[in-house]
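**Student:** Provided below for reference: sequence and predicted model.
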Amino acid sequence: MAAALQTLGGGIGITLHWIAFTPTIEQQATEEQKKKWLKLAQDVAIVGAYAQTEMGHGTFVRGLETTATYDPSTQEFVINSPTLTSTKWWPGGLGKTANHATVMAQLYTRGKCYGPHNFMVQIRSLENHQPCPGVTLGDIGPKMESNGNDNGFARFDHVRIPRENMLMKFARVEADGTYVQPPSSKLAYSNMVYLRGTFVMSAAQALASATTIAVRYSCVRRQSEMKPGEPEPQILEYQTQQYKLFPQLAAAYAFWFASWFMTQQHGSITGSMEKGDMSGLAELHALSAGLKSYTTAVTARGIDVCRMACGGHGYSHASGLPALFGGAAALCTAEGENTVMMLQTARYLVKCFAQSQAGKRLTGTVAYLSAVQPSPVAGNRNMSDLGTLVAAFQHRAARMVRHAAMQMQGEMQKGKAREDAWNSCSVLLIKAAEAHVHSFVVRNFAETVQTVEVDESVRAVLTSLCQLYSLYGITEHAGDFLKDGYLTGRDIDAASSHLSAMLARVRPDAVALVDAFDLHDKILRSVLGRYDGRVYEHLYEWAKKSPLNKSEVHESYYKYLQPFLKSNRAKL
Ligand SMILES: CCCCC/C=C\C/C=C\C/C=C\C/C=C/C/C=C\CCC(=O)SCCNC(=O)CCNC(=O)[C@H](O)C(C)(C)COP(=O)(O)OP(=O)(O)OC[C@H]1O[C@@H](n2cnc3c(N)ncnc32)[C@H](O)[C@@H]1OP(=O)(O)O
Ligand SMILES: Cc1cc2nc3c(=O)[nH]c(=O)nc-3n(C[C@H](O)[C@H](O)[C@H](O)COP(=O)(O)OP(=O)(O)OC[C@H]3O[C@@H](n4cnc5c(N)ncnc54)[C@H](O)[C@@H]3O)c2cc1C
């Protein structure tokens with residue numbers, strides 16, 4: 001059903017109904033409210049949008065301007081857009097598709113503001129899909145990609161909703177207007193944690209799609225001469241092509257395994273939270289924010305590497321790669337802009353570092369921060385050993401977190417306010433947080449390939465892929481590992497030569513590794529990545545369907561070119 005709606009095009013798309021609106025009801029509504037709305041949403045008897053971002057605010061949620069003011073005389077909330085910049089702007093489906101929205105608004109009751117909370121608002125008639133009274137709706141216009149989804153705007157002119165439309169699982173407003181505090185003010189943000197976790201899988205799928213297309217095409221495409229007089233080789237035989245594609249292929253597997261961990265973590269921590277134990281929320285937020293930021297950024301860059309590796313046909317929409325890039329680029333901004341999200345992870349790391357300095361033993365994904373020795377023990381390391389590679393990434397991250405935190409402490413000792421010290425160290429903090437997430441992805445990849453239940457021959461291939469991913473990371477960021485002597489120049493040279501060996505070792509299994517993603521042609525939507533490899537015939541068929549080929553001489557000739565040519569010829 002959703003897929004059908006999705007392909008209707010023309011501005012209809014209900015992605016956000018599934019990934020944001022419905023989960024918000026699941027996570028933020030009371031049992032009573034779920035009885036009223038959850039089944040309607042799950043059966044698509046209503047279609048919803050998640051309306052949080054405004055024209056003037058996306059990152060700074062506490063700065064949102066839409067208001068929800070409680071009126072005890074009628075036991076209603078009045079939803080209002082007081083300024084132009086308070087117009088809800090970007091929510092998927094809001095402009096033309098949805099008839100309901102969860103609206104994030106500043107809650108006012110008894111003259112006091114209690115910050116952003118979620119409210120269920122019907123925005124269109126269920127009879128004729130016209131906007132409800134007081135609601136102004138529209139689409140925000142064409143975007144870089146994903147134009148199958150309408151991203152809309154909404155304005156509310158003192159729209160009244162029943163008190164019961166405030167999603168009250170955590171915080172409540174009683175009939176007399178009394179506000180009841182939630183266990184944590186950040187629980188209103190819990191659906192963002194969930195969504196960021198799902199972005200890690202979206203990134204993995206996007207990179208899996210791009211590498212499937214590029215690897216398959218690189219086996220079909222033959223070009224140039226490796227040796228004079230020899231037949232043109234498959235372009236995948238060039239080491240440079242392998243160096244472009246195989247690290248992206250390895251990252252797709254790494255992110256796929258990271259999303260398994262994220263899903264498991266989210267389930268267990270939200271399970272504990274249901275029982276009132278909020279202790280895991282901070283780590284879950286830091287991990288989901290960091291993984292979302294890291295995986296979507298690497299994926300967007302990686303898809304463009306795959307596009308360029310396919311030459312001119314990669315630049316054609318026939319390849320499917322420009323659309324994938326556009327979608328992945330959106331993932332870098334939506335659900336928390338990547339810079340801001342990585343800073344959230346950095347904030348958590350600085351807190352954990354301070355706790356470790358105070359003697360607390362750290363656990364979970366930051367446990368290594370207290371275990372890693374500051375003074376490196378240099379020496380010839382076995383750069384093909386996964387344990388050695390994981391330890392190198394953890395040492396790098398611990399060093400960078402320590403350096404950023406100490407830099408910040410130094411700024412504050414010079415008299416800077418904490419916020420100013422934070423801002424003046426934020427580039428260091430971002431790099432440290434990226435190193436932390438990178439070390440988590442490597443460790444999780446290594447642990448997964450060592451424990452996943454597969455045939456030993458498959459384990460061997462996955463182990464090579466994990467080595468390739470790790471060695472690529474070390475050679476791409478060599479300076480970070482050399483800085484304190486933890487790795488030597490000889491170690492980096494060894495890493496480079498092992499990486500070359502891994503490229504050659506992965507080559508025979510490359511097609512099997514992308515086929516294993518099991519992405520149907522209908523999902524890939526790529527002439528270059530077709531499972532049957534019949535690229536050229538289908539490229540020609542695809543081109544013939546171009547709108548420009550509907551007529552032999554395009555109307556633009558008669559309107560523009562013909563008069564232009566005539567006037568130029570008349571001057572000869
Ligand atoms: C098969 C092929 C598939 C291929 C797929 C390919 C590509 C994809 C295809 C298509 C894609 C197309 C389109 C893209 C997708 C569509 C979009 C989908 C969804 C998008 C939906 C949205 O964007 S919804 C809006 C999202 N908005 C945000 O995320 C806002 C970001 N800002 C914030 O979260 C916050 O404002 C903040 C964290 C930046 C700052 O909040 P603030 O209150 O100021 O917090 P601080 O002062 O920094 O910290 C206070 C304290 O709170 C803790 N905290 C903050 N947030 C959370 C949280 N969420 N949970 C828990 N705790 C939180 C923070 O850690 C601090 O704690 P301490 O004081 O203890 O340190
Ligand atoms: C395809 C797409 C779909 C979307 N779908 C939805 C949806 O369904 N529902 C919804 O509510 N929203 C949606 N959004 C909006 C999205 O959540 C916001 O765009 C995102 O949160 C970023 O906010 P912003 O656009 O206001 O950018 P801003 O917050 O203005 O950020 C702009 C720049 O300023 C920098 N910056 C901001 N704050 C800081 C800081 N504290 N420290 C350092 N740098 C900072 C950022 O790094 C960023 O580069 C969607 C966006 C896109 C692109």
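**Tutor:** Good, I have the coordinates. Ligands and ions are numbered 1, 2, ... in the order given.
**Student:** Please identify the residues of this structure in proximity to ligand 2?
**Tutor:** Contact residues, the chain versus ligand 2 (Cβ under 6 Å from any ligand atom): 16, 20, 50-53, 57-59, 90-92, 146, 151, 330, 333-337, 339-340, 343. Quick note: C-beta positions are derived from backbone N, CA and C, even for glycine.
**Student:** Pull out the buried members of these.
**Tutor:** Among the residues of the chain next to ligand 2, those buried by neighbour count (16 or more other Cβ atoms under 10 Å) are 16, 20, 50-53, 57-58, 90-92, 146, 151, 330, 334-336, 343.
**Student:** any idea how far A323 is from A188?
**Tutor:** According to Cβ to Cβ, to the nearest Å, A188 and A323 sit 34 Å apart.
**Student:** neighbour count winner among these two?
**Tutor:** Shown here are A188 and A323; by other Cβ atoms under 10 Å, A188 has more neighbours (22 against 18).
**Student:** Contacts only, for the more buried one.
**Tutor:** 28, 104, 115-118, 170-171, 182 (Cβ atoms under 8 Å, 6 or more residues apart in numbering).
**Student:** Among those, name the ones in strands.
**Tutor:** Those of the contacts of A188 mapping onto strands are 104, 115-118, per DSSP state E.
**Student:** Need the max-distance pair from these.
**Tutor:** By the measure Cβ to Cβ, G115 and N118 form the most distant pair in the ones in strands among the contacts of A188, at 11.4 Å.
**Student:** So between the two, which is more surrounded?
**Tutor:** N118 (30 against 13).
**Student:** Excluding covalently adjacent residues, which one is nearest to the more buried one?
**Tutor:** L167 (4.4 Å; Cβ to Cβ, 6 or more residues apart in numbering).
**Student:** A250 too?
**Tutor:** That would be Y469: by Cβ to Cβ, 6+ apart, it lies 3.7 Å from A250.
**Student:** now swap in V366 and tell me
**Tutor:** C352 (4.6 Å).
**Student:** for that neighbour, what are its contacts?
**Tutor:** 362, 366, 369.
**Student:** who wins for most neighbours among the residues you listed?
**Tutor:** Among the contacts of C352, V366 has the most neighbours (other Cβ under 10 Å), with 23 neighbours.
**Student:** Hmm, H554 is touching L548, no?
**Tutor:** Yes: the criterion here is Cβ atoms under 8 Å, and H554 meets it with L548 at 6.2 Å.
**Student:** higher neighbour count, those two?
**Tutor:** Comparing H554 with L548 by other Cβ under 10 Å, the one with more neighbours is H554, at 14 against 8.
**Student:** residue in the stretch 301-450 of the chain nearest to ligand 1?
**Tutor:** Residue of the stretch 301-450 of the chain nearest ligand 1, by Cβ to the nearest ligand atom: G327 (3.0 Å).
**Student:** That residue: which element?
**Tutor:** helix 321-333 (DSSP states H and E).
**Student:** Tell me which stretches of the chain form strands.
**Tutor:** 48-51, 67-71, 76-80, 88-92, 100-109, 112-122, 135-139, 151-156, 159-162, 172-173, 179-180.
**Student:** Mean neighbour count, the ones you listed: which tops it?
**Tutor:** By mean neighbour count, with neighbours taken as mean count of other Cβ atoms under 10 Å, strand 48-51 ranks first of the strands of the chain at a mean of 30.
**Student:** Run through who's touching stretch 20-31.
**Tutor:** Here stretch 20-31 makes contact (Cβ under 8 Å, 6+ apart) with 33-34, 37-38, 41-42, 47-50, 92-93, 98, 100-102, 118, 120, 167-170, 188, 190-191, 194-195, 270.
**Student:** if we can go back for a sec, would you quantify the distance from the residue nearest to V366 to Y368?
**Tutor:** Counting by Cβ to Cβ, the gap from C352 to Y368 is 11 Å.
**Student:** contacting residues around W260?
**Tutor:** Per Cβ under 8 Å, 6+ apart, neighbours of W260: T448.
**Student:** Show me what from the stretch 201-350 of the chain comes close to ligand 1.
**Tutor:** Counting by Cβ under 6 Å from any ligand atom, the residues of the stretch 201-350 of the chain that sit close to ligand 1 are 202, 205-206, 209, 281-282, 285, 324, 327-328, 330-331, 334-336, 340, 344, 347.
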